[in-house]
Structure formats: C-alpha cells, structure tokens
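**Q** no FASTA, just this:
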C-alpha cells in the first residue's frame, strides 16, 4: 500500500513537472534516523554536522535526529530499508563497514543496494591499543607474542561485524597469526574499559576514543588501521608502515543516505547542498573539539567507496 | 577542599537560573513515564550548544539528579516506574498511595533521595581517585557473579512464594534473550520486526506495571466509582523528617548499597534500588511489613537510586569511560565543548569539573525542596475517579512507550506484556522479579560469554571464574543470599503449619 502511494506520488510529481519538487524541497523540517543510541559517537557527530541545516545557504530547514538503536544498528537500518518514506524527508546516518558487513553476513533486510548515499562527513580509523603499563611497544611486539602463544593473545573490540572486528581479521590475516578477539557488549567504551582494567591484553578501538584515553594516560596506541597517519596522532605509524599489508577497509566512515526510490531531483539537491553544509567552519571547530576526525566526500566518491568496501568485505568474511 | 573555591560559580544569576530550570524541568521529565534520565539528558544536549561549557554542564547535571528522583512520582502515584531505578519504589510506595498516604510516601522519597544523593556526590568529591580503581576491579567474571547475586534476590522479592518469584524471574530471563544477541549477532525468537532490537526495558516496565493496573480498574466497572475515592491524608514535612530519622537502618543500607553498586560500570543504576530494597528487608526487624506500604521500603529504594548518581560518574570523570548510558550522554555533552574527561578535566578545566559537581550537590537540595512542595498537591492524583484514572494511565503508557525510540513496535510489546502480566498477577506472580530477570539476563549472559572467551584463550574456565579474592567473595555472598532465602522460606512454612494445627 505504501509503495502504491509512493509511486502515485512520484507519478503526480512527474505530471506537475519535476523541477517544482526540487525547487520547493525541503518545505518542512527533515528527519534523520541514527541507528545508535543518543550520546553515542555516531549520534553525537550526526547532531553536530546537521546543526546548521536550517541556515539559508544550507537546506533552509532544520534536520531533526531520531534514534532507533538496537542490535548493532540492524534495527534502525532494517526500519530504514523497509518502512521509511522515500520522499527526501527521511534521511539516515550510515556507518561503513558496519551495515555492509552485516548485509554480507546475512539475516537483515538491507544491502548496499537498498540505500542511496548523499555525502560522507567523517572517518574514524581503528587503532590498536594496549594498557599504559603493557610491555608491548609496537605492533611487532604484539605479533611476536601472538606467534609464540598461538591463540592466547586476548584483545577486545566493540562487537562482531563492525570496523573493529574487520581490523582484527585483517591483522590476523596480514601477520599470519591466530589471536583471541573478544567482542564486548556495550560498544567501544566497554572494549576500552577492558583494556585499561587489564581484562584483556590489548584491543582495537576508535581513534577518537583512543586519542582521549591516551591523553588521560591510560593507554598506548601502537598502530593505525588506515592508509595514512592521522592528524590527531602524527607520531603513530600505520600498520602498513610497520610491515603489515592492511588497507583502510576497517575505517568507520559516517555519512548521510536516503532510501532507494527517493526522487532523483531530491537526491541531486541533497548531494550538492549537504557536502557544502559540512564545510561550515562552526561544524569543523565543534568536530575538532570533540576529537572526531572529519572526512568530507561527495555522493560519487561515497558510491565508489561503498562498492570497493563491499568487495573487500565479501572476501574477508567469506571464511566465517 | 578544592571544590569549595568554585561554589560561587554556581550562584551567578545565569548559572543558578539554569540550575533551577534543570531541576524543575528534570522533575517534570522524570515524572513522565517513558522519559528515563538518559533520555531527558539527551533531549537537553542540543540546548547546551549555545551555552558555555560550565553552564551547559550545570543544566545537564541538575537534570540528571532530578530526573532520577522525579521518577519516584509516577512510581508512587501511578505505579509506573519511570526508569529501572524506580522499580523498587513502586513496591511499597504505590501501596502507601493506595492507602491515602501518597503525600507521606512522596515526602519520604524526596528526603531519602536528597540524603542518598548528597552522600553520593560527596563520595565523588572526596574519594574519586580511590573509587576509580574499584570501578576497574570488576572484570567479566566478577560482573557475571554480581548478576547471579542479583538473580538470587529474585526469589525473595515481592512474591507470596519463592517458587513463584523464581518462575517469574525465569520468564524475565527468557524475554531477555529475544532479539539479536549482542555479542555473536545471532537472531533469537524474532517473529516480528519490532522484536529485532529485543524487548526494550522501558517499554517492558511500563507494560508490566501499568497495564495490569489499568485492566483491574476497568474490570471493576462503574458501579463503585464513589466508594473508591480516597481521602488523601495531609502529612507535614516535619513528620516526614522525623520518620526518616527513625529509620536510620533503611537509609544507611540504601545509601551505602546504592553508592557501591553505582560505581560498577554497566550494572549500576538499574539494580541499585532493588538490591538495596532486598537488603533492607533482610536486615529489617519487621520484614513481613515490606510490600504492604512500609516506609522503610520507599526510603531504602529512593536513597539507593540517588546515591548511585555521584559514583556512577566516577569512571567517566577519571578514566573517560562512561559507566552507564546516562554517563555516555554526558560524555557527548562534554566533548561538544572540547573537554575531555579524565585527568585533563581536573587539571586544565577545574572550573568546569568542580562547578558541575557542585551544581549536582546544590541540585539535590533544590530537588528536595521542590519535591516536598509538590508532594502534597501531587498526592491528590489518588482522588481522581478510577475510570478517569485508568484512561489517563493508559494514555501515558502508550505515549511513554512510543517515545522511547519513536516506534509503534514498542507499544505492541508494552501492550502484549501488560496483558500477560494481568493474568500472571491473578495467579500470584509479580512484576518486579520478572523485570529483574529481564535486566540481569543480558548482563549475566554477555559477561559469561566474554569471560569464557578470555578464559579459553588463557588459563581455562575453572580458574578464571572461581579464583581470585573478588570472585570468591562474590560467590560467598551468593551462597549466603540463597541460604538466607531458603531458611526464611522454611521458617515461615513451619510457622504456618503451627497455625494450622492450632486452628
């Protein structure tokens, strides 16, 4: 029934001339679904990057955040793929590689084809951390220990089929070792607690959270799972520099998407306005203050990144 | 004593205005079913974008303390706990309201909240470095045993019989398995998309507590409309203070239990009230009065859930690890102003840190004053005719469960659980153990799986779960708790059989 109405609406707009829709859009406030709880990193950043949406040079209408948390984001994205209206007034935040990894693994009602990307705002690479008093000082120390004690090096991460898990799989593959990845319930914060408290010997965590923990003197950061060093941590080498062939497949990209079937004029309008909106200096300063790395990408760049990610993840997760 | 230097900052006109706004707003939000403290704080964060860091945090801190206390209002008057923290308050609080002692129950709950809350914040001020070590001491194996300790409480909590208590606890544990399992991502018992995220705890709370009551009110029909109207006894604040002073044991156990449990990341706030209630009952000289409108029950539960507020922020402020969902939201509020919690906060932004903590201290006092002021008025809710009341409660229940995550699915879950609970209550089961099972199930499960993964990679299960002072200590407490419940059950049985012989 909803599809019927949607297609009727599309037909109607086609009759009245498609340009009017794009000109008039948006006529009312826009809603953006975040599939993680209020206060989490994704929610926090989504609120910052959309705070200037009401400005004249942006959408001219505010964006309201709606949280639909649960099951590592699956609840929200399932809702978005199956029930959200494709009229341009319902946006959602995406997390790569999470939703693609989940769709590769199966059991959800969405895949990369269910959504249309608009723009990317942030990229939070995974890093490898150990407690401040750990004897390990480089990734080689970690890998050597893992080689001598096969399967006994415990390290934490935020769950299965999220960026941290992808990074862990890549590390095991590149170094040719077997380690014990311990997924925690309660996200990156719980995984970080396990490292600081010594419940596990190391961990994969978000760069932004690890940066804060390092500032507080609680952890050492041994490597970044990205192609280049990060501006927040200029002294920490990437895994590649340390001799492990690992790309940026685990980097947590965050951005805005709409459901498939959204009118192309609306997508075009959003795709031109939103990346510009992200460039607002007020947003940049708030993101910088919160320790959240920004990485603005246009719709075409995101499309390419999604396709590349899907291929890597299918390969990486094939054995699981 | 550093915190004293920053007291003046709390009393600048704008800061104090925000403190008042946060406190009064928090009380109202807290009293609204479905708006948990976490949500109330999250709703306020966008407002802090335009404020300075200190002022923003004053608003958030005041809102946090007063929403926890505000939850007692709907728990006592409507029997809808606003958040898991207020479950224990319904047990005696609502019974008191039904007896026309709503005003007294509210006064006691606000006074106890203030005492517990101030103690908790003082702990935060003086013992933070020490306490942060304690918060880290709990690894997966310890949290597992702690959750099991919580499960042992189930049998003795608000049920006519231990067996029925345990049975309803088991129903709760089963309900907790519904949804995607958080660690492995496996799907369990998802027959409908709205169950994908599992049973939402707030929606379940509203359904299990409010709906059976609504149905009971409707089932009575219209005829005895007038007969049901209660006389609300006036109760002076001074009497309430005297009552609190006469119950030092309940107040002490509540405050200390709440402070200790509040510290533990991931468990804290949700079960502090229930564990304190159970402990107070076990140590009380008149345990048989609990659940029948006994003031000690309200005092213990409310002092515990506000005592947990201060310590629950210790891991956040010292280690930058949010120990509870609300702390995670507060972390967002700090980051947005470029302040990283941890040593950086106290070294480089002492004005922000101490003003925030001081505002929670003052907030507790303001919350108590406003709470006492409205207690008398609010208690009149009991005078509303039952048919009207049932409609209002039903409306609030639907609104509350929908607003948790803007999902009709939660409303269906709420309604289904509510109808189920109505029939269960007819057979002598009660909602509190069921909810406790629902809360503790995931904690026990996740920590057991995590612990066993670590154990299998290192020393093996036996030594990981059964050795170490903290593990053994917790196991001893678990055994003592079970033993005590069993002994009480046997003793009361012997007592009844004697009665029967005499009769």
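**A** Alright, I've got the coordinates. Predicted model only: the values in this text are computed from it and were never measured.

**Q** just give the nearest non-adjacent residue to the closest residue to chain B within the stretch 1-150 of chain A, would you?
**A** Nearest to chain B, among the residues of the stretch 1-150 of chain A, is residue A:70, at 2.4 Å (Cβ to the nearest Cβ). Just so you know, the C-beta spots here come from the backbone N, C-alpha and C atoms, and that holds for glycine as well. Nearest residue to residue A:70, sequence neighbours excluded (Cβ to Cβ, 6 or more residues apart in numbering or on different chains): residue B:197, at 2.4 Å.

**Q** the one you found contacts residue B:179, doesn't it?
**A** Yes - proximity of residue B:197 to residue B:179 meets the contact threshold set by Cβ atoms under 8 Å, at 5.7 Å.

**Q** overlap in contacts, these two.
**A** Taking Cβ atoms under 8 Å, 6 or more residues apart in numbering or on different chains as the contact rule, residue B:197 and residue B:179 both touch A:70, A:71.

**Q** tell me the confidence at residue 138?
**A** All of this refers to chain A. We have a pLDDT of 93 for residue A:138.

**Q** to clarify, I was referring to chain B.
**A** Predicted confidence (pLDDT) for residue B:138: 85.

**Q** now do the SS call for it.
**A** coil (DSSP: H, G, I helix; E, B strand; the rest coil).

**Q** number of nearby residues for the closest residue in space to it that isn't next to it in sequence?
**A** Leaving aside its chain neighbours, residue B:138 sits nearest to residue B:264 (5.2 Å; criterion: Cβ to Cβ, 6+ apart). Residues lying near residue B:264 (other Cβ atoms under 10 Å in any protein chain shown) number 24.

**Q** need the contact list for residue B:264.
**A** Contact analysis of residue B:264 by Cβ under 8 Å, 6+ apart lists B:135, B:138, B:143, B:146, B:323.

**Q** could I get the contacting residues of whichever residue of the stretch 101-250 of chain B sits closest to chain A?
**A** For the stretch 101-250 of chain B and chain A, the shortest gap (Cβ to the nearest Cβ) falls at residue B:197, measuring 2.4 Å. By Cβ under 8 Å, 6+ apart, the residues touching residue B:197 are A:68, A:69, A:70, A:71, A:74, A:75, B:179, B:180, B:405.

**Q** which two of those residues have the greatest separation?
**A** Across the contacts of residue B:197, the longest distance by Cβ to Cβ is 15.1 Å; it joins B:180 and B:405.

**Q** circling back: which stretch of helix or strand covers the residue nearest to residue A:70?
**A** Per DSSP states H and E, residue B:197 falls between elements, in no helix or strand.

**Q** that older thread, got the contacts of residue B:264 as CSV, with secondary structure and neighbour count columns?
**A** Formatted as CSV, the contacts of residue B:264 follow (DSSP: H, G, I helix; E, B strand; the rest coil; neighbours: other Cβ atoms under 10 Å in any protein chain shown):
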residue, secondary structure, neighbour count
B:135, helix, 23
B:138, coil, 23
B:143, helix, 23
B:146, helix, 25
B:323, coil, 27
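
**Q** of all pairs in these, which one is the farthest apart?
**A** By the measure Cβ to Cβ, B:146 and B:323 form the most distant pair in the contacts of residue B:264, at 13.7 Å.

**Q** show me where chain B has strands.
**A** Here chain B has its strands, by DSSP state E, at B:179-180, B:187-188.

**Q** and the longest strand seen in chain A, anywhere near chain B?
**A** Ordering each strand of chain A by length in residues (DSSP E) puts strand A:115-124 first. No - counting by Cβ under 8 Å from any Cβ of the partner chain, chain B has no neighbours in strand A:115-124; the shortest distance is 13.2 Å.

**Q** can you name the element that comes right after that strand?
**A** Sequence order places strand A:126-131 as the next helix or strand after strand A:115-124, per DSSP H and E.

**Q** coming back round to it: of the strands of chain B, which stretch is the most buried?
**A** Burial of these is given as mean neighbour count (mean count of other Cβ atoms under 10 Å in any protein chain shown); strand B:179-180 ranks first at a mean of 23.

**Q** work out the gap between that one and the centre of the chain.
**A** How far strand B:179-180 lies from its chain's middle: 24 Å, per Cα atoms, centre = their mean, to the nearest Å.

**Q** could you say what helices and strands that strand packs with?
**A** If contacts are counted by 3 or more Cβ pairs under 8 Å, 6 or more residues apart in numbering or on different chains; DSSP states H and E, strand B:179-180 sits against strand B:187-188.

**Q** sheet partners, orientation included, of the strand it packs on?
**A** If you go by DSSP bridges, strand B:187-188 pairs up with strand B:179-180 (antiparallel).

**Q** look up how far chain A lies from residue B:22.
**A** 17 Å (Cβ to the nearest Cβ, to the nearest Å).
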